[in-house]
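Asks: Give me coordinates for this.
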Amino acid sequence: MPARSPAEPTPPGLLPARRFLSLYLPSWPTDYLKRVEPGLAGAPLALYERIKGGLRLAAIDAAAAQGGLRVGQNLADARALLPGLVVREIDRPLLAAAFADFADWHSNASPLVAVLEDMNAFGDLVLDITGVDHLFGGEAPMLRLLLSRLRALGYTVAGAIASTIGGAWAVSHFARSQVVADDALTQVLDALPVAALRLDDSQVAGLTQMGLTTLGQVRPRPRKPLQARFGLSLLTRLDQAYGQQQERLNPRLPLAERHAERRFADPIGLLDDVLMTARDLAIRLGLQLEGEGLGGQAFHLFLYRVDHKVMTLSVNSARLTRDPDHISALFNNRAERLSGEYDPGFGIDMIRLAVSSVGRLDAAQLGAFADDDGTADLDQLQDRMSSRLGTMAVLRTQLLASHIPEQAARLVPALVGAAAPDDPPGPPRLRPLRLLPVPEPVAINAEVPDGLPASMIWRRVSYRITKAAGPERLGAQWWRSGQRLDLLPLPAAPEADGKPAAAPALARFDAEAGTRDYYRIEDAQGRRFWIFRNGLYVPDSTPQWYLHGLFA
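Replies: Below you'll find the model as predicted:
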């Protein structure tokens, strides 16, 4: 079958081959500190750490490397060799967090960006550029752009593009920056040293002792002896680099399949300009969602600053929506809370609006006599209030599947749009407008012990009851009690005719122990209360009465 030319379109149903861009920043820790503290830029800089009771170099800049220093060298020897050396103790958690933010900034070039931590927690980035290189004019212009903007920021960087992650990493570390075609990957990798496989020092030393110094010498060797001596990791890295085994990319940010973005020739800085751009992107994103018949509930605004930092602003909606006015209003209200924390730095050169938590949202045709109950407007009002005041500042009542009054509802954020449980079959249950957080004890006088209440004393105030209705009996939720079935032995019976006595019987949890009898009562002034008697009436005992709610 003849090979397809690069200009020929990909046949339907065939996915394009993956392409990866690797960026290698060998002196990123020192370059980063020089950007944070400009006063360090004048002298050689090295970072040290304590290893086995000694101080050894953990990172050096280009000037220190030219002076003869190397990573792992003793700090005292390094100072003697280079008297003007400036040293700082390395803070690995700080550098790792800063490099993670640095990686997120590169999502303006590709939505899939990962930090390769195989050899170091900071210094290696991999971007999946499949299908995005045409935005930069091709793979070679894209690589030049990424390298040039990093070098303009003061970073020492090398890069490569290949069809495998391992191949791109190897070329960026041990060859000049270049774009490796699919058919040339094997030839390029064969000339690289064995350290290009991301192996540990012992494996590299063992291969060197065997006389295997390049990948081209390792690849044709028998695999079983290599695995027996160096482990399966050697063969895995070899297959990943040459594309015989797939290596998955673990991006830091989740992939937003539906997004709209805008790049600026000159960076912007005003918050009003950002919000205007967000509205334009909301219109574009809404049209895209409308074409697919979808709506979203979570929207994310990414602001890419020119100083390799990313600011993220996220809003949520209670219902699926694609209304640009509503989406932009959510960001406007959210921005009012964060106006004091807004810092554009030296400017913003790109803004991206992405949507997640998407679902089916069909278009609705409204007739001339459609009845608008205002539910949608109420949801939008709750969304705007939550964006302005905070998620936990606007709450709504959520009904739960329980017949116990204090467990039948709870307060949840208004953005939680859970459906209410269906009402149980039977007549509607009357409930008070206000339910006390904890039932309060009351004293009840009744004509007969098990009859309707005649008077009530609550909070040292006496109420003469003129009307009463009830009871409504609510049983305990025995299935949630957590009690197990107990064996209750029956009284021992004498054996007769050689037959054994009866076996013990099973007794379930006593559901009547928490039974409540609720009454609706009204006093002489027309005030209505909701009271209950806890437990069933037992002769020669005083029943316990409680006030649980107040009717309107």
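Asks: Alpha carbons of the strand or helix carrying F532, as PDB, please.
Replies: Assigned by DSSP states H and E, F532 belongs to strand 528-534. C-alpha atoms of strand 528-534 as PDB (Å, rounded to 0.1, in the frame of the first residue of the first chain):
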ATOM      1  CA  ARG A 528     -51.500  26.900  66.200                       C
ATOM      2  CA  PHE A 529     -48.900  24.400  67.400                       C
ATOM      3  CA  TRP A 530     -47.500  21.000  66.400                       C
ATOM      4  CA  ILE A 531     -46.900  18.800  69.400                       C
ATOM      5  CA  PHE A 532     -46.300  15.100  69.900                       C
ATOM      6  CA  ARG A 533     -46.300  12.500  72.600                       C
ATOM      7  CA  ASN A 534     -43.200  10.400  72.700                       C
END
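Asks: what is the orientation angle of the next helix or strand after that strand with strand 528-534?
Replies: Beyond strand 528-534 on the C-terminal side, the first helix or strand identified by DSSP H and E is strand 544-550. With axes from the mean of the first three to the mean of the last three CA atoms, to 10 degrees as the basis, strand 544-550 and strand 528-534 are set at 150 degrees to each other.
Asks: Please name every helix or strand in contact with strand 544-550.
Replies: Packing partners of strand 544-550 (3 or more CB pairs under 8 Å, 6 or more residues apart in numbering; DSSP states H and E): strand 434-446, strand 453-458, strand 528-534. For glycine as for every other residue, the C-beta is placed from the backbone atoms N, C-alpha and C.
Asks: Tell me which of those strands sits most buried.
Replies: strand 528-534 (a mean of 21; mean count of other CB atoms under 10 Å).
Asks: helices and strands around that strand, which ones?
Replies: Short answer (3+ CB pairs under 8 Å, 6+ apart): strand 528-534 packs on strand 434-446, strand 453-458, strand 461-474, strand 516-523, strand 544-550.
Asks: now the last one, how far from the centre of its chain.
Replies: Relative to its chain's centre, strand 544-550 lies at 45 Å (CA atoms, centre = their mean, to the nearest Å).
Asks: rewinding a little: want to try JSON lines for the helices and strands packed on strand 544-550, with distance to G67 as columns?
Replies: Shown next, in JSON lines, are the helices and strands packed on strand 544-550 (distance: least, CB to CB, whole Å):
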{"stretch": "strand 434-446", "distance to G67": "72"}
{"stretch": "strand 453-458", "distance to G67": "87"}
{"stretch": "strand 528-534", "distance to G67": "85"}
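Asks: Let's have those in a markdown table, adding mean pLDDT and distance to L249.
Replies: Converted to a markdown table, the helices and strands packed on strand 544-550 look like this (pLDDT from 0 to 100; distance: least, CB to CB, whole Å):
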| stretch | mean pLDDT | distance to L249 |
| --- | --- | --- |
| strand 434-446 | 87 | 52 |
| strand 453-458 | 90 | 67 |
| strand 528-534 | 91 | 60 |
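Asks: any low-confidence regions in this structure?
Replies: 1-16, 337-340, 364-376, 417-428, 449, 478-513 (pLDDT under 70).
Asks: quick one: the helices in it?
Replies: Secondary structure of the chain (DSSP state H): helices at 28-36, 62-66, 75-81, 92-105, 139-152, 165-174, 185-190, 201-209, 215-218, 223-230, 232-242, 271-292, 324-337, 375-389.
Asks: out of those, deepest packed?
Replies: Of all the helices of the chain, helix 165-174 carries the top mean neighbour count, a mean of 25, counting by mean count of other CB under 10 Å.
Asks: follow-up on the earlier one: kindly reformat the helices of the chain as JSON lines containing distance to H548.
Replies: Shown next, in JSON lines, are those (distance: least, CB to CB, whole Å):
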{"stretch": "helix 28-36", "distance to H548": "61"}
{"stretch": "helix 62-66", "distance to H548": "76"}
{"stretch": "helix 75-81", "distance to H548": "73"}
{"stretch": "helix 92-105", "distance to H548": "52"}
{"stretch": "helix 139-152", "distance to H548": "67"}
{"stretch": "helix 165-174", "distance to H548": "64"}
{"stretch": "helix 185-190", "distance to H548": "75"}
{"stretch": "helix 201-209", "distance to H548": "73"}
{"stretch": "helix 215-218", "distance to H548": "78"}
{"stretch": "helix 223-230", "distance to H548": "73"}
{"stretch": "helix 232-242", "distance to H548": "66"}
{"stretch": "helix 271-292", "distance to H548": "47"}
{"stretch": "helix 324-337", "distance to H548": "39"}
{"stretch": "helix 375-389", "distance to H548": "29"}
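Asks: And those helices: which comes nearest I129?
Replies: helix 139-152 (6.6 Å; CB to CB).
Asks: And the protein, what are its domain boundaries?
Replies: As given by automatic domain parsing, the domain ranges for the chain are 20-43+85-242, 259-363+374-380, 434-493+501-550.
Asks: what's the first-to-last distance across the second one?
Replies: I take that to be domain 259-363+374-380. 22 Å (CA to CA, to the nearest Å).
Asks: Now do it: distance to the chain's middle.
Replies: On the basis of CA atoms, centre = their mean, domain 259-363+374-380 is displaced by 18 Å from the centre of the chain it belongs to.
Asks: and if you look at the longest one?
Replies: Here the centre of domain 20-43+85-242 is set off from its chain's centre by 27 Å, with CA atoms, centre = their mean.
Asks: Got phi/psi on the spatially most central residue of the chain?
Replies: Residue closest to the mean C-alpha point of the chain, counted by CA atoms, centre = their mean, is P254 at 8.3 Å. With angles defined as degrees, to the nearest 10, P254 sits at phi -60, psi 150.
Asks: OK, contacts around it?
Replies: Counting by CB atoms under 8 Å, 6 or more residues apart in numbering, P254 touches S356.
Asks: Kindly recompute the last result at 10 Å.
Replies: If you count contacts by CB atoms under 10 Å, 6 or more residues apart in numbering, P254 has them with P111, L112, H300, A354, S356.
Asks: what do you get for A298?
Replies: In this structure, A298 makes contact with S314, V315, N316, S317, A354, V355, S356, S357, V358, L415, judged by CB under 10 Å, 6+ apart.
Asks: Could you give me the ChimeraX syntax to select whichever of these are buried?
Replies: To isolate the buried ones among the contacts of A298 in ChimeraX, judged by 16 or more other CB atoms under 10 Å, type:
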select :315,316,317,354,355,356,358,415
